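J.: sequence first, then the predicted structure:
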Amino acid sequence: MSTKSAQGNGNGNSKKPPSAAVNLIAGGGAGMMEALVCHPLDTVKVRMQLSRRARAPGVKPRGFVATGAEIVKKETALGLYKGLGAVLGGIVPKMAIRFTSYEWYKQMLADKETGHVTSKATFLAGLSAGVTEAVAVVNPMEVVKIRLQAQYHSLADPLDAPKYRSAPHALFTVIKEEGFSALYRGVSLTALRQGTNQAANFTAYSELKAALQRWQPEYADAQLPSYQTTVIGLISGAVGPFSNAPIDTIKTRLQKTRAEPGQSAVSRIMAIANDMFKQEGARAFYKGITPRVMRVAPGQAVTFTVYEFLKGKLEKSNWAFVGGSFEE
């Protein structure tokens, strides 16, 4: 493969990487759209993961449709959007950090002479970007989100007062009652989940994008059509959830409850895992996998499609961040 072709595919592109400003706007816009479209499925997933319906004769596990219907029946349709404020509050920095750090790690791992980025480098860049976003933004955001989503109060009944009234209130309450460290409960699992997610996600997306550009030479140095970006985003987004579902389920239960004095994070993780296996069986580790795939896969399709679209528009307009303000 020539240097030109190596640089021109989806993995190794000599084109100047997007600026932090472009990543902030394009990534933030993509993340907000993804959250608005897919958050109800995330709420259903969390409720399924927190469900402790044991394996017992005559007790049928509640599926994602039944879980969603139960939420709407008891809490109105707005119940599906519990925790959305926490997600929207963190989605802009999360996506900005994800795409900016991914590009930074990718450039750092690229061949110094040709600029070519191997599949291994793409995987490591995605893994590192996922860990970075998990520590910087995702874990505190998810602790707050899960506390809100776990509340079984009715939004239709004004007398049914919840413990956490909003994302900011939940944030301050958790810090006041449990300390700032509570926001980083389960951070190792979150980092592992986000890292594996983004490693699989970016690698699959880059490989599929490169393949489409090879098959369609007219798009070798141009943006793919939106429908193609959506399809490969959908495929790449489905890879991660199947590989790390047990991690995500244990993490959800860990972040929902308060820590016991003197109990280490490792001992809590082991206790939760053992209890799940004994009480609910191996299938418990995959609770919520259907809504999670239904949420993550289309979520990544939306994210990549909107990100590529906005990035293309911004780069054509030659937007830059100069002197503390955006200029065109």
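T.: All right, it came through fine. Numbers count the residues shown, from 1 in each chain.

J.: drop to CA atoms for contacts and neighbour counts, all remaining ones
T.: Fine.

J.: how about the contacts made by the closest residue to residue 40 other than its chain neighbours?
T.: Residue nearest to residue 40 in three dimensions, not counting chain neighbours: residue 80, with 4.6 Å by CA to CA, 6 or more residues apart in numbering. Counting by CA atoms under 8 Å, 6 or more residues apart in numbering, residue 80 makes contact with 39, 40, 41, 43, 44, 68, 71, 72.

J.: which one of the residues you listed sits closest to residue 165?
T.: residue 43 (16.5 Å; CA to CA).

J.: okay, now the closest one: neighbour count?
T.: By the criterion of other CA atoms under 10 Å, residue 43 has 29 neighbours.

J.: can you pull the phi/psi pair for it?
T.: Main-chain dihedrals, residue 43, degrees, to the nearest 10: phi -60, psi -40.

J.: quick one, what contacts it?
T.: The contact partners of residue 43, by CA under 8 Å, 6+ apart, come to 80, 81, 82, 149.

J.: what do you get if the cut-off is 10 Å, keeping everything else the same?
T.: 49, 67-68, 71, 79-84, 145-146, 148-150, 288, 291-292, 295 (CA atoms under 10 Å, 6 or more residues apart in numbering).

J.: quick one: which of the contacts of residue 80 is nearest to residue 121?
T.: Of all these, residue 39 has the smallest distance to residue 121: 31.4 Å, by CA to CA.

J.: so residue 280 sits against residue 272, correct?
T.: No. Shown here, residue 280 and residue 272 do not form a contact pair, counting by CA atoms under 10 Å, at 11.4 Å.

J.: now, which of the contacts of residue 80 lie within strands?
T.: Using DSSP state E, no member of the contacts of residue 80 falls in strands.

J.: show me where the protein has its strands.
T.: Using DSSP E, strands in the chain cover 320-322, 325-327.

J.: these two touch, right, residue 49 and residue 284?
T.: Yes. Counting by CA under 10 Å, residue 284 is a contact partner of residue 49 at 7.7 Å.

J.: number of residues surrounding residue 282?
T.: So residue 282, with other CA under 10 Å, has 13 neighbours.

J.: one more: residue 20?
T.: Neighbour tally, residue 20, other CA under 10 Å: 18.

J.: that one: what's it in contact with?
T.: Applying CA under 10 Å, 6+ apart, the residues contacting residue 20 are 26, 27, 96, 97, 99, 100, 101, 103, 320, 321.

J.: buried subset of these?
T.: 26, 27, 96, 97, 99, 100, 101, 103, 320 (16 or more other CA atoms under 10 Å).

J.: and those residues as a markdown table, adding pLDDT?
T.: Formatted as a markdown table, those follow (pLDDT from 0 to 100):
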| residue | pLDDT |
| --- | --- |
| 26 | 86 |
| 27 | 83 |
| 96 | 82 |
| 97 | 89 |
| 99 | 89 |
| 100 | 88 |
| 101 | 91 |
| 103 | 88 |
| 320 | 50 |
